[in-house]
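Student: okay, sequence plus prediction incoming.
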Amino acid sequence: QVTLKESGPGILQPSQTLSLTCTFSGFSLSTYGMGVGWIRQPSGKGLEWLANIWWDDDKYYNPSLKNRLTISKDTSNNQAFLKITNVDTADTATYYCARIRITPFDYWGQGVMVTVSS
Amino acid sequence: DIVLTQAPLSVSVTPGESASISCRSSKSLLSSKGITSLYWYLQKPGKSPQLLIYRMSNLASGVPDRFSGSGSETDFTLKISKVETEDVGVYYCAQFLEYPYTFGAGTKLELK
């Protein structure tokens, strides 16, 4: 059974760094072809892809967020991470992690709400 | 970036009737391997998105066969036959042909 669960700080101030964790089970990020992606959704709005990390540590980022994103993984503990530096109110959203196997985003976490506010 | 344009933005359907949602891509989504990298997701109210259709026309596991996907290289359709109350939510198309991955703006399906 594949499950994913996101965790994060809940609220943070502008200019701080947002650190998110995706803890998963039912698959391994050391398995050939496996990946995890991060997607976010401001309240009442659409979905925005942020980043992917693959079993071989290959990484891809959405260039719209320029150099603010860093994705990483801890294979031993079945976790993936996303950091967003220098946040502002536009980063307020629900953040999802999702599995990528043959089909991208076939399983999603429940999402974690993040609010950026002074 | 590949832009996906969905239409309509909202649709109201009587239970038991059918509904169609369009997704148009700014670029062909046909890969060199012959795979059309267009996907459909449903986000039910208060829930995470769930995969409905992969590679334009393949039904994801557990998805009722009332759902079907079709299209060409740039124009795609999600059809829901005999809409049920559990089909309410926002439908998104997405492309995973190239980075950055992109999603359509979403189509909200409501019941009459």
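Tutor: Received the coordinates, thanks. Note that the structure is a prediction, hence the values are computed from the model and not measured.

Student: tell me the strands beside the strand or helix carrying B:Tyr41, with direction?
Tutor: Using DSSP states H and E, the element containing B:Tyr41 is strand B:38-43. If you go by DSSP bridges, strand B:38-43 pairs up with strand B:49-54 (antiparallel), strand B:89-95 (antiparallel).

Student: mind putting these into JSON lines with mean neighbour count and mean pLDDT?
Tutor: For glycine as for every other residue, the C-beta is placed from the backbone atoms N, C-alpha and C. What follows is these, written out as JSON lines (neighbours: other CB atoms under 10 Å in any protein chain shown; pLDDT from 0 to 100):
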{"stretch": "strand B:49-54", "mean neighbour count": "23", "mean pLDDT": "98"}
{"stretch": "strand B:89-95", "mean neighbour count": "24", "mean pLDDT": "98"}
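
Student: to B:Ser22, which of those strands lies closest?
Tutor: strand B:89-95 (8.9 Å; CB to CB).

Student: what's the closest one in contact with?
Tutor: Strand B:89-95 has contacts (CB atoms under 8 Å, 6 or more residues apart in numbering or on different chains) with A:46-47, A:104-105, B:2, B:4, B:6, B:21, B:23, B:25, B:29, B:37-45, B:47, B:49, B:52, B:76, B:78, B:101-104, B:106-109.

Student: ok, B:Val63 to B:Gln6 distance?
Tutor: According to CB to CB, to the nearest Å, B:Val63 stands 19 Å off from B:Gln6.

Student: and the two? which has more neighbours close in?
Tutor: Neighbour comparison, B:Val63 and B:Gln6: the larger count goes to B:Gln6, with 21 against 17 (by other CB atoms under 10 Å in any protein chain shown).

Student: quick check: phi and psi at the more buried one.
Tutor: phi -100, psi 150 (degrees, to the nearest 10).

Student: state the pLDDT value of A:Thr103.
Tutor: For A:Thr103, the model assigns a pLDDT of 88.

Student: quick one: the most centrally placed residue in chain B from chain A, how far?
Tutor: For chain B, the residue sitting closest to the mean C-alpha position, by CA atoms, centre = their mean, is B:Trp40 at 3.3 Å. Taking CB to the nearest CB, to the nearest Å as the measure, B:Trp40 falls 11 Å from chain A.

Student: so that residue touches B:Ser70, yeah?
Tutor: No: in this structure, B:Trp40 is not within contact of B:Ser70 by CB atoms under 8 Å, at 10.9 Å.

Student: what's the neighbour count on residue 75?
Tutor: I went with chain A, as the question did not name one. 14.

Student: my question was about chain B
Tutor: When counting by other CB under 10 Å, one arrives at 13 neighbours for B:Asp75.

Student: do you know how far the residue lying closest to B:Lys47 once chain neighbours are set aside is from chain A?
Tutor: Spatially, and ignoring its direct neighbours in sequence, B:Lys47 is nearest to B:Gly89 (7.7 Å; CB to CB, 6 or more residues apart in numbering or on different chains). Distance from B:Gly89 to chain A, counting by CB to the nearest CB: 13 Å.

Student: can you tell me which residues contact A:Gly8?
Tutor: Applying CB under 8 Å, 6+ apart, the residues near A:Gly8 are A:Leu18, A:Ser19, A:Leu20, A:Thr21, A:Tyr95, A:Val112, A:Val114.
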